[in-house]
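# any chance you can model this:
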Amino acid sequence: MTMTRSTMIRSTRYFLFSVSIVLSLLCNPYSTAQEQPLLTKQQLRALLQTSNTAADENAADEKKIAAYYRAEEKGYHGKAQEFAEQAALEEHHPALMESKQGISCLCPAHFRYFAQYYEREAQKSAALAELHERTAQKGLESPR
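A predicted model of the protein is given here:
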């Protein structure tokens, strides 16, 4: 069973790509030591529904909500950076894998799209965090 040079190169690239994926998952701080959000989504929904209560409780709730969105923003920035790095890597070392349709799904445009998507999500979370921080500040400043 002899392998041609192109088959050996392709096999080597598949193997190296697989190893790099496994290593990135094992060494990635976002996947192994990812911060748990301060609130669950269910708790967030409950806080958002009841955030129009007394001013003392409102300010504390708004701070919790803002902290949740800040943590979410941090996670989205991490994912965006991860995809941007992968896009840069793919531009210099294109993958040789092809799908059944003959088009590689590991093209740089794919990774750039998700990097931009997560960056937009991070911006949305930052805006929501800012809104809730301002609301909490107004709640603390209001006369009682």
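# how many residues are close by the closest residue to residue 58 other than its chain neighbours?
Distances taken as Cβ to Cβ, 6 or more residues apart in numbering put residue 139 closest to residue 58, at 4.8 Å, once the chain neighbours are dropped. Glycine gets a C-beta too; all of them are placed from N, C-alpha and C. By the criterion of other Cβ atoms under 10 Å, residue 139 has 19 neighbours.
# mind telling me what element residue 139 is part of?
helix 108-141 (DSSP states H and E).
# and for residue 76, the neighbour number?
By other Cβ under 10 Å, 20 other residues sit near residue 76.
# in contact with it, which residues?
118-119, 121-122, 125 (Cβ atoms under 8 Å, 6 or more residues apart in numbering).
# turn the residues you listed into JSON lines, columns for distance to residue 89 and neighbour count.
Output for these, formatted as JSON lines (distance: Cβ to Cβ, whole Å; neighbours: other Cβ atoms under 10 Å):
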{"residue": "118", "distance to residue 89": "17", "neighbour count": "20"}
{"residue": "119", "distance to residue 89": "18", "neighbour count": "17"}
{"residue": "121", "distance to residue 89": "22", "neighbour count": "17"}
{"residue": "122", "distance to residue 89": "21", "neighbour count": "20"}
{"residue": "125", "distance to residue 89": "26", "neighbour count": "20"}
